[in-house]
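J.: 3D, please:
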Amino acid sequence: MRRKQFCELGPVCYRISLWKEAARKRLRDRRAGVRFAAGRREENLPVIVKGHRSPVLRRLAGVDMVLQENKRTNLALAAACIDGVVVEPGESFSFWRLVGPPTARRGYLPGLAIASGAARTAVGGGLCQLANLIHFLVLNSPLTVTELHHHTDALFPDDRRRVPFGTGTSVFCPHVDYRFFNATGRPVQLRVWLEGDDLCGELRVERPFPCRYRLVEENHHFVREGAEYYRVSQVYRLVIDRASGTQTAKELVLDNHSRVLYDPALIPAEELV
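T.: Numbers count the residues shown, from 1 in each chain. Presented below is the predicted three-dimensional model:
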């Protein structure tokens, strides 16, 4: 029988483990001299690098819609902590440094969260959608992602998906963070807000970058391996020179091989190889 880890011995041990990991991360940041973005501007920087919106309410099999409604509240609270932040050259963006702990005392509600490859309910659940949005904006820029935690499984069928599968990121306060570094030599600004049933975001700069970017998903299909089903695809980032319109690079962002955890009967027949 597998020996339990310290964090598995009970709730108190679990909280101690979380505190330890967060403390270790803070120490590493101090030793590395990481400068975190904190300044904001009320006025927009003039150039939109990329804009995107994603639906907040999704009908997911087996998930109470109350959790989706609560997610709207959670996203609104977290977006207000990030909206307008300017990441100066040499600074790092940290999701949790800006958002802070998503606790009930701060108004966060129970929402859908993912832990150990399974869906569960947790206060502050649903904030991954905000981190996903920001990551998508960053992938459409020359900013450097420095911390990213991919979702490893396909938990639900697509519902109005507008970005390639697998390009999201997990976040869990305080130590599972999403971060990027600004090595572009010019300040960048994030605007994030809720509009109706959509979560909206823009990445802005003072003047355009020399290149623009586009994400494409190729070879998408499902495959059965033994008793399990997997979702397979490759996601590439195309780098396009803005002046000439010439594609200068094709970068592999993600090689998906994600275990399907929902009912395989929901897999479209034409996508099963």
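J.: Tell me who's in contact with residue 127.
T.: 74-75, 78, 99, 102, 111, 171 (Cβ atoms under 8 Å, 6 or more residues apart in numbering). The way it works is simple: take the backbone N, C-alpha and C, and place the C-beta from them, glycine included.
J.: How much space separates it from residue 72?
T.: Look at residue 127 and residue 72: by Cβ to Cβ, to the nearest Å, they are 12 Å apart.
J.: do residue 34 as well
T.: With Cβ to Cβ as the criterion, residue 34 and residue 72 are 32 Å apart.
J.: picking that back up, sort the contacts of residue 127 by pLDDT and name the bottom one.
T.: Within these, pLDDT reaches its minimum at residue 111, with 87.
J.: excluding its backbone neighbours, what's nearest it?
T.: residue 125 (2.9 Å; Cβ to Cβ, 6 or more residues apart in numbering).
J.: helix, strand or coil for that neighbour?
T.: coil (DSSP: H, G, I helix; E, B strand; the rest coil).
J.: For it, which residues are in contact?
T.: Residues in contact with residue 125, defined by Cβ under 8 Å, 6+ apart, are 67, 70-71, 74, 110-113.
J.: Residue 216: neighbouring residues, count only.
T.: Residue 216 is flanked by 12 other residues according to other Cβ atoms under 10 Å.
J.: Spit out the contact partners of it.
T.: Residues counted as contacts of residue 216 (Cβ under 8 Å, 6+ apart) are 164, 235-236, 238.
J.: Tell me how far the helix or strand harbouring residue 79 lies from the chain's centre.
T.: According to DSSP states H and E, residue 79 maps onto helix 65-82. Centre-to-centre, helix 65-82 and its host chain are 15 Å apart (Cα atoms, centre = their mean, to the nearest Å).
J.: now this structure, which segments are flagged as low pLDDT?
T.: Scanning the chain for pLDDT under 70 picks out 1-14, 59-63, 115-119, 155-162, 166.
J.: cutoff 80 now
T.: Applying pLDDT under 80 to the chain flags residues 1-22, 57-65, 112-120, 151-168, 261-262.
J.: picking that back up, give me the distance between the residue nearest to residue 111 and residue 16.
T.: Taking Cβ to Cβ as the measure, residue 125 falls 23 Å from residue 16.
J.: Now do the phi/psi pair for residue 188.
T.: phi -130, psi 150 (degrees, to the nearest 10).
J.: can you map out the strands along the protein?
T.: Using DSSP state E, the strands found in the chain span residues 47-55, 86-87, 92-94, 110-115, 118-123, 144-147, 153-154, 179-181, 188-195, 198-205, 211-225, 228-241, 247-260.
J.: Tabulate the ones you listed in CSV, adding columns for distance to residue 40.
T.: Shown next, in CSV, are the strands of the chain (distance: least, Cβ to Cβ, whole Å):
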stretch, distance to residue 40
strand 47-55, 18
strand 86-87, 6
strand 92-94, 12
strand 110-115, 26
strand 118-123, 26
strand 144-147, 21
strand 153-154, 36
strand 179-181, 17
strand 188-195, 9
strand 198-205, 12
strand 211-225, 25
strand 228-241, 28
strand 247-260, 29
